[in-house]
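# Next come a sequence and a model predicted from it.
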Amino acid sequence: MIDKSFLIYFPNILLHLPKKDDSSPTIEDFVGGWVVPNSGLFFFINTDFTQTSADGSTSPLDLSFSTTEDGRFVMTNSVNGEKFSSILEFDGTLTASDGTTLTYLGNYDYHGWLKMKEGEMKQAQNVDPIVTDPDQAIELAQKHMFQTDDSFSDSYHFEDWGLEKSAYRPYYSVNIRQKAQNGFKSMHIGRIRVYTDNGECKWE
């Protein structure tokens, strides 16, 4: 099955399923973006038999295609006399020659994918924020930390560390310290991010 946790980073992942007929595989069956879930490692296979890496560099591919006995499509790349095969699985994932599973990003080339991501970022930045001031952020951070039991809230100090606007999702950073008491010094606990678009809270 596809690792759905990766949808956090690439929400537009699509299923890329092999054809159901008896035709032989071609480059078209593998064209698009492929990513190793939860790694940030991705690349694009292009119709002109080239591969574009995440840094935008493009290299030629020496490809051949075949089919497994159970009907899965195989793409084999020859590099300096060595052959590396990738198998398009029935669930739409791609299994590399070393056993790594890759997920399909969509039918994009490198520049098309960048344009799509830029559009998503602009859209996210143009959303009217739900969290509009530090006091509101601190209140949400307190609720996130204590959940339904706030009996210990007086033992902690919450401090706004400012609004981070340059991030993909703007957020307030709320710093938390345990107050000095019973002979113990004040101790830093951590920071909670409070996202302005929906009030979501996460520990940094």
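Happy to help now that I have it.

# Any idea how many residues pack against Phe30?
22 (other CB atoms under 10 Å). C-beta coordinates here come from the backbone N, C-alpha and C atoms, glycine included.

# which ones are touching it?
For Phe30, the contacting residues are Ile45, Phe73, Met75, Ser86, Leu88, Leu94, by CB atoms under 8 Å, 6 or more residues apart in numbering.

# Buried ones among these?
Among those, those buried by neighbour count (16 or more other CB atoms under 10 Å) are Ile45, Phe73, Met75, Ser86, Leu88, Leu94.

# Quick check: end-to-end length of stretch 24-33?
End-to-end distance of stretch 24-33 (CA to CA, to the nearest Å): 21 Å.

# mind listing which of the contacts of Phe30 are in strands?
Using DSSP state E, Ile45, Phe73, Met75, Ser86, Leu88, Leu94 are the members of these that sit in strands.

# Show me which of the residues you listed is closest to Asp109.
Taking CB to CB as the measure, Asp109 sits nearest to Ile45 out of the ones in strands among the contacts of Phe30, at 9.2 Å.

# wait, isn't that closest one in contact with Thr26?
No: using CB atoms under 8 Å, Ile45 makes no contact with Thr26, being 11.6 Å away.

# And the lowest mean pLDDT element among the helices and strands of the protein?
Here the helix or strand of the chain ranked lowest by mean pLDDT, DSSP states H and E is helix 110-125, holding a mean of 78.

# Which secondary structure elements does it sit against?
Counting contacts by 3 or more CB pairs under 8 Å, 6 or more residues apart in numbering; DSSP states H and E, helix 110-125 is packed against strand 101-106.

# Which residue is the nearest non-sequential neighbour of Thr50?
By the measure of CB to CB, 6 or more residues apart in numbering, the closest residue to Thr50 outside its immediate chain neighbours is Thr58, 5.0 Å from it.

# quick one: Ile138 is in a helix?
Yes: Ile138 forms part of a helix when assessed by DSSP: H, G, I helix; E, B strand; the rest coil.

# Show the pLDDT at it.
Turning to Ile138, the model gives it a pLDDT of 89.

# dump the residue contacts of the residue nearest to it when sequence neighbours are not counted.
Counting by CB to CB, 6+ apart, Ile138 lies nearest to Phe158, which is 4.7 Å off, once chain neighbours are set aside. Going by CB under 8 Å, 6+ apart, Phe158 touches Ile138, Ala141, Gln142, Val174, Asn175, Ile176.

# hmm, 7 Å instead?
Each residue near Phe158 by CB atoms under 7 Å, 6 or more residues apart in numbering is listed here: Ile138, Ala141, Gln142, Val174, Ile176.

# now Leu94
Trp34, Ser86, Leu88, Leu102.

# Check what pLDDT the closest residue to Arg191 other than its chain neighbours gets.
Of all residues not flanking Arg191 in the chain, Glu204 sits nearest, at 4.4 Å (CB to CB, 6+ apart). pLDDT for Glu204: 78.

# got it, and Gly199?
Looking at Gly199, its pLDDT is 87.

# doesn't it fall inside a strand?
No: secondary structure of Gly199, determined by three-state DSSP: coil, with no strand assignment.

# was I right about Pro170 contacting Gly162?
No: using CB atoms under 7 Å, Pro170 is not in contact with Gly162, being 10.9 Å away.
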